[in-house]
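In: What follows is a predicted structure for the sequence shown.
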Amino acid sequence: MTSSEFHDRLEANLQKLESRGQRRFAKTVHSQADGFCVINGRRLVNFGGNDYLNLAHEVGQQENVKAVFASQMGATASALVCGRSGWHHELEEAIARMEGAEAALLFPTGYAANLGVLGCLVESGDAVFSDRDNHASLIDAAKASSGKFYVYRRDRLAALSDAIARRRGDFDQVFIVTDGVFSMDGCIPDLHALCEIAQQHNCQLVVDEAHGTGVLGDHGRGACDFCNVEDRVLVRIGTMSKALGGIGGFAVADQQTIEWLRNSARTQFFSTALPPGICAAMLESVRVVESQPDRRHRLAQLTAFAHRRAEELKLKAVIAGVAPIVPILVNDDSQSVIVSQRMEAAGFFVPAIRPPTVPAGTARLRFSLTVKHSEEQIDASFCEVARILDAKF
Ligand SMILES: Cc1ncc(COP(=O)(O)O)c(C=O)c1O
C-alpha cells in the first residue's frame, strides 16, 4: 500500500464515521469556576464535565500548591527511579486513609491504573469476566491481560454465576471486574450479588470507582462504600480526574497486593510519576472529601431532583441512578448531535454520547451534575430538552 493509498484509507474511515453521525471534532471549551463554560465566546451552563465537587477550580488556588508547582513542574522520572517525592508519599498515605485501605499506589491516570492493575494481577491460566458496560479502559485492561476474556451483563448475574461455575475448574484464578458507577448512565451494579458470586466460586473482585470517588458512600469512597462491601473487594481503582478535580489514578488494597502492584504494574513502573504539584493539590482534594461531606450531600439532592424532573417531563432517563450522571436517551446518533447543538444554542452544554462509547441505538445526552449547579438550571435545561425532543427533527 502506498502512502497515498494509506491516507485514502484513513479518509474513507473518517467518512464512514461521519455518515454514521459518529465523527468527533475538536472543540475548545473554557471551563469556569461557577458551573459555566465558554464555547465560541458564549457562556453556557456546563453539564459536560466530571468536576462533581468543583475542586478543579479550587485546589490549585492554594498558596502551598502554587509553591510546589513553581519549584518543580515535572517528577523527572518514574516513581521507582527518583520520581516519587514526599508529596507522592503523603498522597498515597492520604488516599489509603480516605479509602480505609491498608495501602495505596499512584498511577499516571485512571486508564493507566486499570491497565496496570489487571496487567499484573491476571496471569495466563486465569480468566476475567468483565461487565458489558464497563469503561473502555477496564475493557482494554481485561483484554490486554494474559487471562481469557469473557463478557457478562449486569442485569443477568445468574448467567454470570452459571458461566463461572461451568468453567471455574479450567482456570487458576478468576477475576470479576466492574465499574462501581457506570459512566454513561450513573447507575451502580448489584455489588452484593457480585460479592456473593465471587465468594461462592472463589473469585476475586476488582472495582473501578472512577465516578464514585468523592461522591458516593458515607465516607465518599464510592460505590463499594455506598453498598458497604469494601472488605469483599480485592482492589478498588480510582481516578483523581473527576471529583478530585485533577489528574492521576490510584489503586487501594491490602499491603501485599499493593507491594506486588508497585513491583510489577507496568504503567506505573515504566511511566514518569505525577507532577509533585498535582500530588500537593490532590492532597487538598482528599482533605475536602474527608472534611466536607456536605458537598456530596448537595450533589445527592441535585441528582434526586434531576431524576424526579426527568420522570415528570417524561424524558427517557436510562435509569434512576444514584451518581450525578443523568442520561437522556435520544437513541439515534445523528439526532443526539442535533439535540446537543440545539441545547447549546439555548445556553446549555450537554454532550451527545454515541457509539462506541455506548451500545448502538442508545445515543444519549449525558448531564453531569456538579455542586455548582442549581435546581433552576437543571429544570430549565430539562424543559428545553423536552421541548426539542417533542419538536420534529
Ligand atoms: C469508569 C472510568 N474508568 C476510568 C476512567 C479513566 O480515568 P482517567 O481519565 O483518569 O484516565 C474513566 C474516565 O474517563 C472512567 O469513566
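Out: Now that the structure is in, tell me what you want to look at. Since the model is a prediction, treat every value here as computed from it, not as a measurement.
In: Which residue ranges of the protein form strands?
Out: In the chain, the strands defined using DSSP state E lie at 30-31, 36-39, 42-46, 103-107, 127-131, 148-152, 174-179, 204-208, 235-239, 249-253, 325-331, 348-349, 352-353, 363-368.
In: possible to save those strands as CSV with mean neighbour count?
Out: Every residue, glycine included, has its C-beta placed from N, CA and C. CSV is the format used below for those (neighbours: other C-beta atoms under 10 Å):
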stretch, mean neighbour count
strand 30-31, 14
strand 36-39, 17
strand 42-46, 19
strand 103-107, 24
strand 127-131, 24
strand 148-152, 16
strand 174-179, 25
strand 204-208, 26
strand 235-239, 28
strand 249-253, 27
strand 325-331, 23
strand 348-349, 23
strand 352-353, 21
strand 363-368, 25
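In: what about the ones you listed, which gets the closest to the ligand?
Out: Closest of those to the ligand is strand 235-239, at 3.5 Å (criterion: C-beta to the nearest ligand atom).
In: Starting from that closest one, tell me which strands it pairs with and how they run.
Out: The strands that strand 235-239 pairs with in its sheet are strand 204-208 (parallel), strand 249-253 (antiparallel) (by DSSP bridges).
In: State the distance from the closest residue in space to L299 that isn't next to it in sequence to R309.
Out: In space, and not counting its chain neighbours, L299 is closest to P324: 5.1 Å by C-beta to C-beta, 6 or more residues apart in numbering. Remark: distance between P324 and R309 (C-beta to C-beta, to the nearest Å) = 14 Å.
In: And these two? Which one has more around it.
Out: Remark: of P324 and R309, P324 carries more neighbours, 27 against 19, as counted by other C-beta atoms under 10 Å.
In: Let me see the contact set for the residue of the stretch 1-150 of the chain at minimum distance from the ligand.
Out: Closest to the ligand within the stretch 1-150 of the chain is G110: 2.5 Å, counting by C-beta to the nearest ligand atom. Each residue near G110 by C-beta atoms under 8 Å, 6 or more residues apart in numbering is listed here: S137, D208, A210, I237, G238, T239, M240, S241, G248, G249.
In: Quick check: F175 touching E123?
Out: No: F175 is not in contact with E123 according to C-beta atoms under 8 Å; the separation is 10.4 Å.
In: returning to what we had before: now do the residue nearest to L299, the pLDDT please.
Out: Note for P324: predicted pLDDT of 95.
In: Would you agree it is in contact with T303?
Out: Yes: P324 sits in contact with T303 when judged by C-beta under 8 Å, with a separation of 4.8 Å.
In: Spell out which residues are contacts of both of those two.
Out: The contact sets of P324 and T303 overlap at G186, L369 (C-beta under 8 Å, 6+ apart).
In: could you pull out the helices for the stretch 1-150 of the chain?
Out: 3-19, 63-71, 86-99, 110-121, 136-144 (DSSP state H, counting those that start in this stretch).
In: Let's see the last one as CSV, backbone CA atoms only.
Out: Written as CSV, here are the backbone C-alpha positions of helix 136-144 (Å, rounded to 0.1, in the frame of the first residue of the first chain):
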residue,chain,number,x,y,z
ALA,A,136,-13.2,1.3,27.8
SER,A,137,-10.1,1.4,29.9
LEU,A,138,-11.3,-1.5,32.1
ILE,A,139,-12.3,-3.5,29.0
ASP,A,140,-8.9,-2.7,27.3
ALA,A,141,-7.2,-3.7,30.5
ALA,A,142,-9.0,-7.1,30.7
LYS,A,143,-8.5,-7.8,27.0
ALA,A,144,-4.8,-6.9,27.2
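In: contact partners of that helix?
Out: With C-beta under 8 Å, 6+ apart as the criterion, helix 136-144 contacts 110-111, 114-115, 117-119, 122, 128, 130, 134, 149, 175, 177-179, 208, 356-357.
In: With the longest one instead?
Out: Around helix 3-19, the neighbours that count as contacts under C-beta under 8 Å, 6+ apart are M1, R23, R24.
In: and the ligand, which of the residues you listed contact it?
Out: When the contacts of helix 3-19 are checked against the ligand using C-beta under 6 Å from any ligand atom, none falls in range.
In: how about those residues in JSON lines, adding neighbour count, pLDDT and distance to K143?
Out: Converted to JSON lines, the contacts of helix 3-19 look like this (neighbours: other C-beta atoms under 10 Å; pLDDT from 0 to 100; distance: C-beta to C-beta, whole Å):
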{"residue": "M1", "neighbour count": "8", "pLDDT": "93", "distance to K143": "27"}
{"residue": "R23", "neighbour count": "14", "pLDDT": "87", "distance to K143": "25"}
{"residue": "R24", "neighbour count": "10", "pLDDT": "87", "distance to K143": "23"}
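In: Nearest to C279 among the residues you listed?
Out: Closest to C279 out of the contacts of helix 3-19 is R24 (31.6 Å), distances taken as C-beta to C-beta.
In: that older thread, any chance of the helices of the stretch 1-150 of the chain in TSV with mean pLDDT as columns?
Out: Shown next, in TSV, are the helices of the stretch 1-150 of the chain (pLDDT from 0 to 100):
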stretch	mean pLDDT
helix 3-19	95
helix 63-71	95
helix 86-99	98
helix 110-121	98
helix 136-144	97
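In: among those helices, which is the most enclosed?
Out: Comparing the helices of the stretch 1-150 of the chain by mean neighbour count (mean count of other C-beta atoms under 10 Å), helix 110-121 ranks first with a mean of 25.
In: so how far is it from its chain's centroid?
Out: Computed by C-alpha atoms, centre = their mean, to the nearest Å, the separation of helix 110-121 from the middle of its chain amounts to 14 Å.
In: Tell me what angle that helix forms with strand 174-179.
Out: 170 degrees (axes from the mean of the first three to the mean of the last three C-alpha atoms, to 10 degrees).
In: and the angle for helix 110-121 with helix 136-144?
Out: Counting by the same axes, to 10 degrees, helix 110-121 points 20 degrees away from the direction of helix 136-144.
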